[in-house]
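In: Any chance you can model this:
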Amino acid sequence: MRDTTLASVIAIVCLAVLFDYSNGFHDAANSIATVVSTRVLTPRLAVVWAAFFNFVAFVVFKTHVANTVGKIIDPSAVSEAVVFTGLVGAIAWNLTTWWLGLPTSSSHALIGGFVGAGVAKAGWSVVNGPSLEKTVVFIVLSPALGMALAFVLMLALMWLLRRTAPRRVDRLFRRLQLLSAAAFSLGHGGNDAQKTMGIISALLVGAGYLHLDAGGNLPVPFWVVLLANGAIALGTLSGGWRIVKTLGQKITALKPVGGFSAETAAASSVYLATFLGIPVSTTHTITGAVVGAGSTRRLSAVRWGVAGRIVWAWVITIPAAAITAAFAYWAVARLSHGVVLVIVVVAATVVALALRHPRSTVSPEG
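Out: Numbers count the residues shown, from 1 in each chain. As a prediction, the model looks like this:
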């Protein structure tokens, strides 16, 4: 029986790593869209730059976010089936929105899937209300904060540089945008990778391989930290060209000073949330910041129809992933010991879909 549990845990950890990888390529555009759209870097160089800072983020940030996510469902209710079906719901939504080119939140898809599977198993009583409430509040707050900070920063820079030749401004911020892109990529790795760490740690606690510490916090082994940050970095290296086009070209056109303002504002918002242990969406934050920076020129510079379509995708992410995960739990609960087989089949299907996906109109050569 223990061998079966171990096999299931290993397989689910592999699926979690696959999700983290999909998070990387789905959210790669968050880190590189502005630096690519302003032509500071080609897409290939941009993803390498972003992936490096995704990986080294564990050196800077502690695992507060991992604890919040891992305990969003009562640890006593967490089982292999709950984590597995939660990941199925998140991956299914990630692939759907990736195919549609929508920059939705992988983080909220994961949280929605985890909550949906937990509720399907044991009802609403197992949901940690305060943790879920913080996450839902920041669906609105993180893009609003990113938008406000970017707007204010952009206005301040426009005033300070009003007598500087445009060519000098462009040259300066093409260099500075490398730093702002690095800062945002660091925040992306620091916040997003921790969500997978939390799910894996919750799985290990539920399976009896780890135990909560004296303060009730989840232990996060160092190998889990390295695995999660490595997977998201590799995913970023794969790019996300459809979503790069949406963020970098369709919402508004940015110059290097605008890209710097958007990335700096978004990074500040993500850092604050990460230090507070709040799982936020880097997608939401950078999209809000791009809108804030673009709207300083004129409100019509923002394509509000595209932005509105993105907002609707944000609103339905958690419930859509939760419903998918709940149906997946219902199916798996009737398969008894066939969980490992189902995991292998689903993982193979996900990989096959990714490999068959047609190339986007935005090429890696940019």
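In: Stretch 175-190: how far from the chain's middle?
Out: 15 Å (C-alpha atoms, centre = their mean, to the nearest Å).
In: tell me the mean pLDDT over it?
Out: The pLDDT scores in stretch 175-190 average 89.
In: and the gap between Ala51 and Ser180?
Out: Look at Ala51 and Ser180: by C-beta to C-beta, to the nearest Å, they are 17 Å apart. Placement of C-beta: from N, CA and C, glycine included.
In: Ala228 too?
Out: Look at Ala228 and Ser180: by C-beta to C-beta, they are 24 Å apart.
In: So which bits of stretch 127-139 are buried?
Out: For stretch 127-139, burial by neighbour count (16 or more other C-beta atoms under 10 Å) applies to Val127, Asn128, Ser131, Leu132, Lys134, Thr135, Phe138, Ile139.
In: contacting residues for the last one?
Out: So that's Ile139. Ser105, His108, Ser281, His284, Trp314, Val315, Ile318 (C-beta atoms under 8 Å, 6 or more residues apart in numbering).
In: Got phi/psi on the last one?
Out: What it means is Ile318. phi -60, psi -50 (degrees, to the nearest 10).
In: which residue sits closest to it, ignoring its sequence neighbours?
Out: What sits nearest to Ile318 in space, not counting adjacent residues and going by C-beta to C-beta, 6 or more residues apart in numbering, is Gly112, at 3.6 Å.
In: ok, how many other residues are close to the one you found?
Out: 27 (other C-beta atoms under 10 Å).
In: Regarding this structure, what is its longest helix?
Out: helix 166-206 (DSSP state H).
In: Relative to the whole chain's centre, how far out is it?
Out: 10 Å.
In: What number of residues are in the vicinity of Phe55?
Out: The tally of other residues near Phe55 (other C-beta under 10 Å) stands at 22.
In: State the distance from it to His108.
Out: 23 Å.
In: which strands and helices sit next to the very next helix or strand once past the longest helix of the chain?
Out: The helix or strand immediately downstream of helix 166-206 is helix 222-237, counting by DSSP states H and E. The contact analysis (3 or more C-beta pairs under 8 Å, 6 or more residues apart in numbering; DSSP states H and E) places helix 222-237 against helix 2-37, helix 43-56, helix 166-206.
In: Output helix 222-237 as PDB - backbone C-alpha positions only.
Out: What follows is helix 222-237, C-alpha atoms only, in PDB (Å, rounded to 0.1, in the frame of the first residue of the first chain):
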ATOM      1  CA  PHE A 222      15.000  22.800  -0.500                       C
ATOM      2  CA  TRP A 223      14.700  20.300  -3.300                       C
ATOM      3  CA  VAL A 224      11.100  21.400  -3.800                       C
ATOM      4  CA  VAL A 225      12.200  25.000  -4.000                       C
ATOM      5  CA  LEU A 226      14.900  24.200  -6.600                       C
ATOM      6  CA  LEU A 227      12.400  22.000  -8.600                       C
ATOM      7  CA  ALA A 228       9.700  24.700  -8.700                       C
ATOM      8  CA  ASN A 229      12.100  27.600  -9.700                       C
ATOM      9  CA  GLY A 230      13.800  25.400 -12.200                       C
ATOM     10  CA  ALA A 231      10.600  24.300 -13.900                       C
ATOM     11  CA  ILE A 232       9.200  27.900 -14.200                       C
ATOM     12  CA  ALA A 233      12.500  29.100 -15.600                       C
ATOM     13  CA  LEU A 234      12.500  26.300 -18.200                       C
ATOM     14  CA  GLY A 235       8.900  27.200 -19.100                       C
ATOM     15  CA  THR A 236       9.900  30.800 -19.600                       C
ATOM     16  CA  LEU A 237      12.600  29.700 -22.000                       C
END
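In: Tell me which residues are up against that helix.
Out: Applying C-beta under 8 Å, 6+ apart, the contact partners of helix 222-237 are 13, 17-18, 20-28, 31, 47-48, 50-52, 54-58, 63, 185, 188-189, 192-194, 196-197, 200-201.
In: from the residues you listed, which would you call buried?
Out: Using 16+ other C-beta under 10 Å as the burial test, those include 13, 17-18, 20-28, 31, 47, 50-52, 54-58, 63, 185, 188-189, 192-194, 196-197, 200-201 as buried.
In: can you list the weak-confidence ranges in this structure?
Out: 1-3, 26-31, 33-34, 37-38, 98, 101-104, 239-254, 297-314, 335-366 (pLDDT under 70).
In: The same query, at a cut-off of 50, please.
Out: Across the chain, the ranges flagged by pLDDT under 50 are 248-249, 251-252, 301, 338, 355-366.
In: how many neighbours does Val36 have?
Out: Counted with other C-beta under 10 Å, residues neighbouring Val36 total 28.
In: cool, the one 5 residues further on as well?
Out: For Leu41, the number of neighbouring residues by other C-beta under 10 Å comes to 20.
In: where does it fall, helix, sheet strand or coil?
Out: Put simply, Leu41 is coil when judged by DSSP: H, G, I helix; E, B strand; the rest coil.
In: Quick check: closest non-adjacent residue to it.
Out: Closest residue to Leu41 apart from its sequence neighbours, by C-beta to C-beta, 6+ apart: Val35 at 5.3 Å.
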